[in-house]
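Q: need a 3D model of the sequence below.
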Amino acid sequence: MVGVLIRMRLRLLSHSLRGAARVSGFVAGIFLGLLGAAITAGAIAGAELAGNSGLAVAPLLFLVWTLGWLVAPVLVAGSDETLQPEHFSLLPIGPRKLAPGLLVATTVGIAPVMTLLAFAGLLVPAASHGGATFVVAAVGVVLQVVLAIVASRVVVGWLGSAMRSRRGRDLGILLASGVMLLIIPAQMLLGSIVPILAGAGDSALLEALRWLPSGWAPAAVQAASTGQWLPAAGLLAALAAAVGVLTLLWSELLRRRLTTPSTGSGSVAEKVGGGWLERALPAAPVSAVMIKEIRLWWRDNRRRVSLLPGLLLGLAMPLFLGFGDGPGTASLPFAALFAIWLAMLNCGNLYGLDGASLRHTLVAPEVQHAEVRGRQLAWLAFVAPVVALAALVLPAVAGQAEMYPWVLGLTAADLGAASGVVMLLSVFAPFPVPQQRSNPFTAAGQPGCATGLKQVAMSVLLVVAVIPVLAVLITGTLLDNDWLLWSSVPLGLLTGAVSAWGCGLVAVHWLRTRGPELLNAVQP
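A: Numbering: from 1, shown residues only. Below is the predicted model:
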């Protein structure tokens, strides 16, 4: 069965690589993955060749990669499920048999292969201690990669399981945000790599990292290099046992996913007379789309998972880094900009979330303008209050009141531009999202590297949008002119409005002229 699943996955991946954009994204993903793997493996091998123990830096790098496997599916609102478990629900295959097969099939992809290449750097210090130690390292590397993959699956499955009821959905969003905060220790660990490579690392930290599950393979190699074969075998056995336990746990989560219906999918009684949104907004097509989108952002798990964790992480990460007197303090007033950036990255596939229902928009006459503007306003309705509050409060909290013109001007420009760029990405680079609702943290139908390239393009557009504001701010700072500095705030509002209007016009034109192609791109 494993061979069949692998062939199915390869066939689906090959079919998903249609079009120059997806192929180029796939190739770029391979390049970036190879670059990251080469840096990791090179750091381990370089430390060994430079006279510092490569076994000392390996646990730290392995932990960073493992944290990446845990955080990435939540950060991008989706783990790769090219083979969706629901497709096998009617077959006589139990979860305990299906889970290992899907797990092995998951290893066929860019991310697992690049992780394997990165962890293979452990073979260099192991080779200098003999063939037996090399074998220990080879087995440990494979087990370490499998541990990272299955741990990622368990985290995604656990978060999805928590959101199967109405009460659990809000808890699931908070849990997802907590998982995303793991990126903060990962960033701190990356900052300590250079001292470790120079032989000046914290020995207590290195010793602690070696006894975490992510450091068991390097610890086994360390034990084998000194002739302690029993501890080395015990660590490898512990790795294998951890993989087995996590696989069993994932199979149980898989069983619940396939057999437990969501309790939040019942019918909703129709309200007569409309709600407060209908009374607050004028009767117009743009208002109708805005109301519909606001309700979707509030009720649809997939949309909430796309927006809220990234928005919370965007505010939390600068807050954590800004504590104390370290260099992160300077970034604290600008947390709103980071929150806008992450919220924009995660929400740039609105029509992919609509799926086949996009046809209702395409067949309605002359609704494209209202469709785009209503979606922009609905996105702003959720993001703008949060980032505005952060922009008003955080400079004072950080004791940097002189940064208010910078923060307010850049935030206004970025916020408007982001509302337009979200629509640009939704029409220019959509990808299908499975319509199943069992787990909002799963995604399929597109290579993740292609998504990454589009996100980079979006980030560049945000930078372009704030150039006029930056020019005024820099000039005002050089001339020490407060009036010029504060003029950046209305300029930021104007720049943001123009950017939102211009990007929206392009999105309207694309939706009007390339609607059938867009519908074909978003159908699962």
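Q: over to the residue of the chain positioned farthest from its centre. Which of the three states is it?
A: In the chain, counting by C-alpha atoms, centre = their mean, G227 sits farthest out from the average C-alpha position, at 42.3 Å. State at G227, reduced to three classes by DSSP: H, G, I helix; E, B strand; the rest coil: coil.
Q: tell me where the stretch 101-250 of the chain has helices.
A: Along the stretch 101-250 of the chain, the segments classed as helices by DSSP state H, counting those that start in this stretch run 110-119, 123-127, 131-162, 166-180, 183-191, 193-197, 203-210, 216-225, 229-259.
Q: re earlier: report the separation between the residue farthest from the centre of the chain and L55.
A: Using C-beta to C-beta, to the nearest Å, G227 is found at 15 Å from L55. C-beta: built from backbone N, CA, C; applies to glycine.
Q: in terms of secondary structure, what does the one helix or strand G29 maps to contact?
A: Secondary structure assignment for G29, by DSSP states H and E: helix 20-49. Helices and strands touching helix 20-49, by 3 or more C-beta pairs under 8 Å, 6 or more residues apart in numbering; DSSP states H and E, are helix 54-75, helix 110-119, helix 123-127, helix 193-197, helix 448-465.
Q: swap in 6 Å and give it another go.
A: helix 54-75, helix 110-119, helix 123-127, helix 448-465 (3 or more C-beta pairs under 6 Å, 6 or more residues apart in numbering; DSSP states H and E).
Q: pick out the shakiest of those helices, pLDDT-wise.
A: Among those, helix 448-465 carries the lowest mean pLDDT, at a mean of 72.
Q: ok, L239 - contacts?
A: L143, W216 (C-beta atoms under 6 Å, 6 or more residues apart in numbering).
Q: near the residue nearest to L424 when sequence neighbours are not counted, how many other residues are there?
A: Nearest residue to L424, sequence neighbours excluded (C-beta to C-beta, 6 or more residues apart in numbering): C503, at 5.1 Å. Using other C-beta atoms under 10 Å, C503 has 24 neighbouring residues.
Q: same deal with L479?
A: By other C-beta under 10 Å, 11 other residues sit near L479.
Q: quick one, grab the pLDDT at it.
A: At L479, pLDDT is 91.
Q: hmm, back to that, mind checking pLDDT for the residue farthest from the centre of the chain?
A: If you check G227, the pLDDT there is 86.
Q: swap in the one 5 residues further on?
A: The predicted structure scores A232 at 91 on the pLDDT scale.
Q: check A339 too.
A: As predicted, A339 sits at a pLDDT of 89.
Q: neighbours around H369, how many?
A: Neighbours around H369, by other C-beta under 10 Å: 17.
Q: neighbours around the residue nearest to it when sequence neighbours are not counted, how many?
A: Sequence neighbours aside, V508 is the residue nearest to H369 in space, at 5.4 Å (criterion: C-beta to C-beta, 6+ apart). Neighbour count of V508, defined by other C-beta under 10 Å: 18.
Q: thinking again about what came up before, compare the mean pLDDT across the helices of the stretch 101-250 of the chain and name the weakest.
A: Among these, helix 193-197 scores lowest, at a mean of 54.
Q: sorry, back to before: what helix or strand is the residue nearest to H369 on?
A: Using DSSP H and E, V508 falls in helix 488-513.
Q: so what touches the following helix or strand past that helix?
A: If you walk from helix 488-513 toward the C-terminus, the next helix or strand you reach (DSSP H and E) is helix 515-522. For helix 515-522, contacts defined as C-beta under 6 Å, 6+ apart pick out Y351, G352, G355, L358, R359, L362, P430, P432.
Q: helix, strand or coil for the second one?
A: When the structure is reduced to helix, strand and coil (three-state DSSP), G352 reads as helix.
Q: among the contacts of helix 515-522, which one sits closest to L116?
A: The nearest member of these to L116, counting by C-beta to C-beta, is P432 at 28.5 Å.
Q: need the phi and psi values for the closest one.
A: Backbone torsions of P432, given as degrees, to the nearest 10, read phi -70, psi 140.
Q: now L362
A: Backbone torsions of L362, given as degrees, to the nearest 10, read phi -70, psi -30.
Q: list the contacts for it?
A: Neighbours of L362 in contact, by C-beta under 6 Å, 6+ apart: G515.
Q: quick one: it from H369, how far?
A: 14 Å.
Q: pretty sure the residue nearest to H369 contacts V372?
A: Yes - if you go by C-beta atoms under 6 Å, V508 and V372 touch, sitting 4.9 Å apart.
Q: if we go by neighbour counts, what in stretch 383-403 is buried?
A: Residues of stretch 383-403 classed as buried: V383, A384, V386, V387, A390, A391, L394, P395, A398, Q400, M403 (neighbour count, 16 or more other C-beta atoms under 10 Å).
Q: okay, and the third one sits in which element?
A: The reference is to V386. helix 368-397.
Q: now do the helix or strand just after that helix against helix 368-397: the angle between them, please.
A: Moving toward the C-terminus from helix 368-397, the next helix or strand (DSSP H and E) is helix 404-428. Per axes from the mean of the first three to the mean of the last three C-alpha atoms, to 10 degrees, the angle that helix 404-428 makes with helix 368-397 is 150 degrees.
Q: understood, closing this out.
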